[in-house]
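# Could you look at this predicted model? Sequence included:
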There are 2 protein chains.
Amino acid sequence: MGTITKALELLSFFSRRRPSIGLGDFVRLTARDKATLHRHLVELEQNGFLEQNPVTRAYSLGPAILRLTSVRETTFPTRAVLRPLVTQLADDLGELVHASMLQGNILSPVFHADPAKHGTQVSFDEAELQPLHATASGLAVLAYSDEAFSKRILSGPLEAHTALTITDPQALRDRLSLIRASGFARAAGGFDTEVASQAAPLFGPSGSVIGALSVAVPGVRGTEKQLESFRDRLCAAATRATISLGGTVPPDLAALWADEIPTQETKKA
Amino acid sequence: MGTITKALELLSFFSRRRPSIGLGDFVRLTARDKATLHRHLVELEQNGFLEQNPVTRAYSLGPAILRLTSVRETTFPTRAVLRPLVTQLADDLGELVHASMLQGNILSPVFHADPAKHGTQVSFDEAELQPLHATASGLAVLAYSDEAFSKRILSGPLEAHTALTITDPQALRDRLSLIRASGFARAAGGFDTEVASQAAPLFGPSGSVIGALSVAVPGVRGTEKQLESFRDRLCAAATRATISLGGTVPPDLAALWADEIPTQETKKA
DNA sequence: GGTGTGGGTTCATTATTTGAACCGCTGGTT
DNA sequence: AACCAGCGGTTCAAATAATGAACCCACACC
């Protein structure tokens, strides 16, 4: 592992729960040498990736990151591209739709739209990161990510967010096979007991998974045939989203999505 | 210069104009060795800070940056805080307004808003770093930064971005005194010959400068009395921005901003 | 088939990173 | 007031990781 990686890894220790981290905290978190850590932190700070609170001496994420994001968004406007698609799909399906992008080992919501047609709603926190193993979006991503990645996730700690969360690696692997066979993911109650979701993966220019598009319905409305009726429109939207993002849907999956549903098609033309 | 810095510097070559950069381009831009560059680029890519287009082989900014921004913004919402202020001020003044944060020896744009009321516009590249000695924002920051810092900047190399850039340390020092006397900075043509700007400093919790708020008008529209009319609203917005960011405006400057500006002022250069 | 361009790789040399020990400060305890 | 524990930060010899000139391969254009 090179020095650059070591330094960049430090940045990933920051989260909403841990917005600022001191030198001592880093020593405990990383089990690395204090002197090395300090030099890395200083260097990151000098480049604006961290900033140090002059009184507590703790480090937090710096302004350089903001600038880089603005560059990325102006050149590859994920949010701006997904917004209309998500909104339209939400209106169409009459249920909450959200798009999330893969960021490290978790999914981070990019945009969501809730048509609020029903009394009961799925409430969605756009600041909440979503675990890969416990959400439909996450499973869709895992199913289409490369071996090494999914292996790493499945062998890592799998938190049980609810009683329904699947945490057994083998059970998850079986689930992923099913998803690959059907071309989309379904999950109920794994992250929030009251919610059932369906999700389709989104792909980047290289054909690798970059995120997922998902529709979430309250458990009470999640009947089989209703969920079934969403499938085609969800997959169609995922195709459009992938293309809009400059990505390509892998040919075999595209074929799967293009197929009529074998049982009985709910889609006309 | 450490390896970390060298790698991080590569990221700052990306901008709106240059959203993706190949290995050869980097060799030309940085005058560094190709092998070293390649290893750095690969390592950055492995950490999600870059991504490589598999067909053109060119690199562009990766998704890791978005994730970090979302963490920083949920814990210290600079952008979210500044956005409404900047937008409102831009609408109010009818000219381009931008907020930048101090990052090392340079200002890094955080947010900008352009009401686009006029035919001619100041085009603003949020990816472009702004030198301290050549922009109104930078001068505002320098004027209120601590001695050691401004001394270091003024004794360093001062690039002449245009024919109008002030590069003489003593001339700059005089300029800073005027700024301190008037409570805000004005600069014309120092960074872009066609642009005249006014800026007010922003302060952090410890009362030290952390950035600046600035209004930029095309040279042709920059009449004295129009600029004059912006001053109070700019300072008021800077006060609000500072407070919103959890900072404090130094008492003497706050007093200066609270005063009506008399017609006889100190800022006639 | 030569020639220029692009990305990417090799391996001996060398410079940079590394970490155990150390420093100085602060705040709590005896 | 002496002691200790914990904090951030620094030093310098030893070791490891970064470096770059030369090289390879593929492609495009004469």
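Nice, I can see it.
# can you give me the helices in chain A?
Secondary structure of chain A, counting by DSSP state H: helices at A:3-11, A:23-30, A:34-46, A:64-75, A:78-93, A:136-144, A:147-155, A:169-182, A:224-244, A:251-258.
# To B:Ala237, which of those helices lies closest?
helix A:64-75 (19.3 Å; CB to CB). (C-beta placed from N, C-alpha, C; glycine too.)
# Now do the buried residues in the closest one.
Within helix A:64-75, the residues scored as buried using 16 or more other CB atoms under 10 Å in any protein chain shown are A:Ala64, A:Ile65, A:Leu66, A:Arg67, A:Leu68, A:Thr69, A:Ser70, A:Val71, A:Arg72, A:Glu73, A:Thr75.
# For the closest residue to A:Leu37 other than its chain neighbours, give me its contacts.
Distance criterion CB to CB, 6 or more residues apart in numbering or on different chains; nearest residue to A:Leu37, sequence neighbours excluded, is A:Phe26 at 5.0 Å. Shown in contact with A:Phe26 (CB atoms under 8 Å, 6 or more residues apart in numbering or on different chains): A:Leu10, A:Phe13, A:Arg32, A:Leu37, A:Leu41, A:Tyr59.
# quick one: which of those residues is nearest DNA strand C?
Ranked by distance to DNA strand C (CB to the nearest atom of the strand), the contacts of A:Phe26 are led by A:Arg32 at 5.7 Å.
# who touches that closest one in this structure?
Applying CB under 8 Å, 6+ apart to A:Arg32 gives the contacts A:Lys6, A:Phe26.
# burial of the residue of the stretch 1-150 of chain A found nearest DNA strand C, as a residue count?
As assessed by CB to the nearest atom of the strand, DNA strand C sits closest to A:Ala35 within the stretch 1-150 of chain A, at 3.3 Å. Neighbours of A:Ala35 under the rule other CB atoms under 10 Å in any protein chain shown: 8.
# so what strands line up beside the worst-scoring helix or strand of chain A on mean pLDDT?
Using mean pLDDT, DSSP states H and E, strand A:106-113 stands out as the lowest-scoring helix or strand of chain A, at a mean of 82. With DSSP bridges as the test, strand A:106-113 is paired with strand A:96-103 (antiparallel), strand A:130-131 (antiparallel).
# Please state the mean pLDDT value computed over the shortest one.
Taken as a whole, strand A:130-131 carries a mean pLDDT of 87.
# Contacts for it, please.
So strand A:130-131 is in contact with A:Ser100, A:Ile106, A:Leu107, A:Ser108, A:Pro109, A:Ser137, A:Gly138, A:Glu159, A:His161, A:Phe191, going by CB under 8 Å, 6+ apart.
# and stretch A:67-85, how far from the chain's centre?
Relative to its parent chain, stretch A:67-85 has a centroid offset of 16 Å by CA atoms, centre = their mean, to the nearest Å.
# Rounded mean pLDDT for it, please.
For stretch A:67-85, mean pLDDT rounds to 84.
# right, is it up against chain B?
Yes: under the criterion of CB under 8 Å from any CB of the partner chain, stretch A:67-85 makes contact with chain B via A:Arg67, A:Leu68, A:Thr69, A:Ser70, A:Val71, A:Arg72, A:Thr74, A:Thr75, A:Phe76, A:Thr78.
# Near A:Ala255, how many other residues are there?
When counting by other CB under 10 Å, one arrives at 11 neighbours for A:Ala255.
# Then A:Ile179?
A:Ile179 has 23 neighbouring residues, counting by other CB under 10 Å.
# Buried deepest among the helices of chain A, which one?
Most buried of the helices of chain A by mean neighbour count (mean count of other CB atoms under 10 Å in any protein chain shown) is helix A:136-144; its value is a mean of 28.
# From the centre of chain A, point out the most distant residue.
In chain A, A:Val55 marks the outermost C-alpha relative to the chain mean, sitting 35.8 Å out by CA atoms, centre = their mean.
# Around chain B, pick out the residues from the stretch 151-269 of chain A.
So the stretch 151-269 of chain A meets chain B at A:Gly204, A:Pro205, A:Ser206, A:Gly207, A:Ile210 (CB under 8 Å from any CB).
# Report the contact partners of the fourth one.
Read it as A:Gly207. Going by CB under 8 Å, 6+ apart, A:Gly207 touches A:Gly247, A:Thr248, A:Pro250, B:Pro54.
# could you check the distance from it over to A:Leu213?
17 Å (CB to CB, to the nearest Å).
# what do you get for A:Gln170?
Note on A:Gln170: its distance to A:Leu213, by CB to CB, is 28 Å.
# How about A:Glu224?
21 Å.
# One more: A:Leu50?
Distance from A:Leu50 to A:Leu213, counting by CB to CB: 34 Å.
# So which of these two has more stuff around it?
Higher neighbour count among A:Leu50 and A:Leu213: A:Leu213, with 30 against 26, using other CB under 10 Å.
# Can you name the residues bridging to the most centrally placed residue in chain A?
In chain A, the residue lying closest to the centroid (CA atoms, centre = their mean) is A:Leu107, at 2.2 Å. Assessed by DSSP bridges, A:Leu107 has beta-bridge partners A:Leu102, A:Gln130.
# Looks like it contacts A:Leu129 (just checking).
Yes: using CB atoms under 8 Å, A:Leu107 is in contact with A:Leu129, at 6.8 Å.
# Need the strands paired with strand A:106-113 in TSV (columns: mean neighbour count and distance to B:Phe149).
TSV is the format used below for the strands paired with strand A:106-113 (neighbours: other CB atoms under 10 Å in any protein chain shown; distance: least, CB to CB, whole Å):
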stretch	mean neighbour count	distance to B:Phe149
strand A:96-103	26	35
strand A:130-131	20	42
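# Nearest to A:Leu154, out of these?
With CB to CB as the yardstick, what comes closest out of the strands paired with strand A:106-113 is strand A:130-131 (12.1 Å).
# State the distance from the residue nearest to A:Leu37 to chain B.
Computed as CB to the nearest CB, to the nearest Å, the A:Phe26 to chain B distance reads 15 Å.
# Count the neighbours of the residue nearest to A:Gln46 when sequence neighbours are not counted for me.
Spatial nearest neighbour of A:Gln46, excluding adjacent residues (CB to CB, 6+ apart): B:Gly104 at 6.1 Å. By other CB under 10 Å, the residues close to B:Gly104 number 15.
# In terms of pLDDT, where does B:Gly104 sit?
pLDDT at B:Gly104 comes out at 76.
# isn't it right up against A:Asn47?
Yes: using CB under 8 Å, B:Gly104 makes contact with A:Asn47 at a distance of 7.1 Å.
# do stretch A:31-47 and DNA strand D meet at all?
Yes: counting by CB under 7 Å from any atom of the strand, contacts between stretch A:31-47 and DNA strand D involve A:Lys34, A:Ala35, A:His38, A:Leu41, A:Val42.
# Now the first one. Nearest residue, chain neighbours left out?
Here the nearest residue to A:Lys34 in space, its sequence neighbours aside, is A:Val27; by CB to CB, 6+ apart that works out to 5.2 Å.
# same question, the third one
The spatially closest residue to A:His38, leaving aside those adjacent along the chain, is A:Leu23, at 5.8 Å (CB to CB, 6+ apart).
# Distance of that neighbour relative to DNA strand D?
Distance of A:Leu23 to DNA strand D, computed by CB to the nearest atom of the strand, to the nearest Å: 4 Å.
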